[in-house]
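S.K.: next one to model:
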Amino acid sequence: MSTVLYDSPIFGPVISRRMGTSLGVNLNPSKRKVCSFDCIYCECGYNVKEPLTSAPGHHIPSRAEVAGALEATLQKMRSEGKTLDVITFAGNGEPTLHSEFYGVIQDTVRLRDEYYPDANIAVLSNGTRVHIPSVFEALKMTDKPCIKIDCMDMGIVKALDRPVDADYDVKRVVDTLAHNKMENLTIQTMFCQWAENGVWKNNYSEKNIADWVEMIKALKPKAVQVYTISRETPYKEMQKIPEETIRGIAKMVEGYTKEISVSM
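M.R.: Next up is the predicted model:
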């Protein structure tokens, strides 16, 4: 596959199908993915099992490096009269794995307020670290903390999202979010189908959807974003689902969230 990896620590701006004009912040190395999930559909490819080295592109940017690069980019964009909708923490893996994540978010809020006060700050996260108080508080400081929950069935989660931590439990993520208020919470879900040993599986069976709807009811997030595959995937035997199916799923949570978006 043609793996997509992003420059570190700043990339873009790019046009995001869900975010608008987005300046990306990648807290991971520029030449490899570092994530607490290893999703079979991730455009960044699979995790590399070997440890990080001093090789070019393996460096994890420090808090100071991120702040310096972000400020330089924002200064340049403003001087050129460019618009900006959102500063998005995404890139080559899970941003909340960064050891200075809380401080990085503090710096980003300060710089956003100085250069582009109308822009949002978004974090695309798989939620594996929301139970850590500093991570949770950092996410609360942002305008769009986006937590990806693809299914409530751990069998499906292990096949589709492939969490690195054997103790990962999606129910713990949901419980944390349910018992600790996050005003701007967005839930993102990728609906898709894939083949295992010639047998097609999916995360939108009647039971899966019923459990997913109950999760949305319990969390009442500000926004729900549902989407399907739009790019090449590292796992070859995958297919997107029909638009009418995904729109039907989205309609099931009307009334439990303020915003619903569907991306194909």
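
S.K.: low-scoring stretches of this structure, by residue?
M.R.: For the chain, the stretches with pLDDT under 70 are 1-2, 17-18.

S.K.: need the strands for it, in chain order.
M.R.: Ranges of strands within the chain are 10-16, 20-26, 86-90, 120-125, 144-148, 186-190, 193-196, 199-202, 223-227, 238-239, 259-263, based on DSSP state E.

S.K.: could those strands go into a markdown table alongside distance to residue 51?
M.R.: From N, CA and C alone the C-beta is placed, and that goes for glycine too. Compiled in a markdown table, the strands of the chain are given as follows (distance: least, C-beta to C-beta, whole Å):
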| stretch | distance to residue 51 |
| --- | --- |
| strand 10-16 | 24 |
| strand 20-26 | 19 |
| strand 86-90 | 23 |
| strand 120-125 | 23 |
| strand 144-148 | 26 |
| strand 186-190 | 29 |
| strand 193-196 | 29 |
| strand 199-202 | 33 |
| strand 223-227 | 33 |
| strand 238-239 | 29 |
| strand 259-263 | 35 |
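
S.K.: dump these into TSV; add distance to residue 47 and mean neighbour count as well.
M.R.: Formatted as TSV, these follow (distance: least, C-beta to C-beta, whole Å; neighbours: other C-beta atoms under 10 Å):
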stretch	distance to residue 47	mean neighbour count
strand 10-16	20	18
strand 20-26	15	22
strand 86-90	16	27
strand 120-125	16	23
strand 144-148	16	24
strand 186-190	18	23
strand 193-196	18	15
strand 199-202	22	12
strand 223-227	22	21
strand 238-239	18	16
strand 259-263	25	15
